[in-house]
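Build me a structure from this.
(one chain, ligands or ions: 2)
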Amino acid sequence: MNKTLIAPSVLAADFGNLQRDIEMVNNSEADWFHIDIMDGIFVPNISYGMPVLKAITKHAEKTIDVHLMIVDPDRYIKEFAKLGADILTVHYEACTHLHRTIQAIQAEGMKAGVAINPHTSVDLLKDIINDIDLVLIMSVNPGFGGQSFIDNTYHKIQRLTEIISMHNADTLIEIDGGVTDENAAELSRAGANVLVAGSFVFKSENQPETIKNLKKIANS
Ligand code: DX5
Ligand code: ZN
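Numbers count the residues shown, from 1 in each chain. Ligands and ions are numbered 1, 2, ... in the order given. Purely as a prediction, here's the structure:
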């Protein structure tokens, strides 16, 4: 069985001590950096943009997983590639020509992810599952950290796992929002490959230890 990966979400970091928090992740058992880009239009919040991502990638030594919560993401694909994104995830709900967007991301040498909001069915991805590298299932409504996990996510993971195996695809399943030590094991058992964790990691007292435990629980 493949290991379940842990991706701390930098949205919950202390921006006044960003380099310190990035180095904490570098030196921890975490696998990826999860970077949330919000435009205040697709979601009701604005996070950070290119200059901050540049500062993050300068110090980060692990996979850079960028989650775009923006309208018309095609405009910025080349720029995110230049800034060092390894994975670029766009929202299903924000793309009119999703297939074209996926191809444009991969043409820049990045892995392409598709994120779906809690109301969006995983069945809508059937016809594109072989073309995408990762599906990000939102387990809260996108826009803010620190919200509570939506239980229907388990069904979505199970159904997506079926779709992936029916199509002989090797798409990764990433879960984003409200992940804690209380749901990590069940998420992983249901078929999740990557768990994003923001508040649970950065608001804890011993962050490296929290990451270590979360990873242990997810792989138990
Ligand atoms: C929410 C973001 C998440 C967020 C998760 O829109 O996509 O990545 O940072 O934060 P927690 O783990 O606090 O729910
Ligand atoms: Zn995210």
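
got the residues of this protein near ligand 1?
Counting by Cβ under 6 Å from any ligand atom, the residues of the chain lying close to ligand 1 are 9, 11-12, 34, 36, 67, 140, 142-143, 145-147, 176-179, 196-200. C-beta coordinates here come from the backbone N, C-alpha and C atoms, glycine included.

Now do the lengthiest helix in the chain: distance to the chain's middle.
The longest helix of the chain (DSSP state H) is helix 153-166. For helix 153-166, the separation from the chain centroid amounts to 17 Å (computed by Cα atoms, centre = their mean, to the nearest Å).

average model confidence for it?
If you average the pLDDT over helix 153-166, you get 98.

got the contact list for that helix?
Contacts made with helix 153-166 from outside it, assessed by Cβ atoms under 8 Å, 6 or more residues apart in numbering, are listed as 116, 118, 121-123, 125-126, 129, 135, 137, 139, 169-171, 173, 175, 186-187, 190-192.

repeat for stretch 12-23
The contact list for stretch 12-23 (Cβ under 8 Å, 6+ apart) reads 10, 33, 48, 52, 55-56, 59-60, 145-146, 198-199, 201-203, 207.

redo that, cut-off 10 Å
8, 10, 24-25, 33-34, 36, 48, 52, 55-62, 145-146, 197-203, 207 (Cβ atoms under 10 Å, 6 or more residues apart in numbering).

Got the phi and psi for the residue of the chain found nearest ligand 2?
In the chain, no residue comes nearer to ligand 2 than residue 67, which is 3.7 Å away by Cβ to the ion. Reported as degrees, to the nearest 10, the phi and psi values for residue 67 are phi -110, psi 110.

ok, the one residue in the chain that gets nearest to ligand 1 - contacts?
In the chain, the residue that lies nearest ligand 1 is residue 198 (2.9 Å; Cβ to the nearest ligand atom). Going by Cβ under 10 Å, 6+ apart, residue 198 touches 7-13, 34, 36, 144-147, 176-179.
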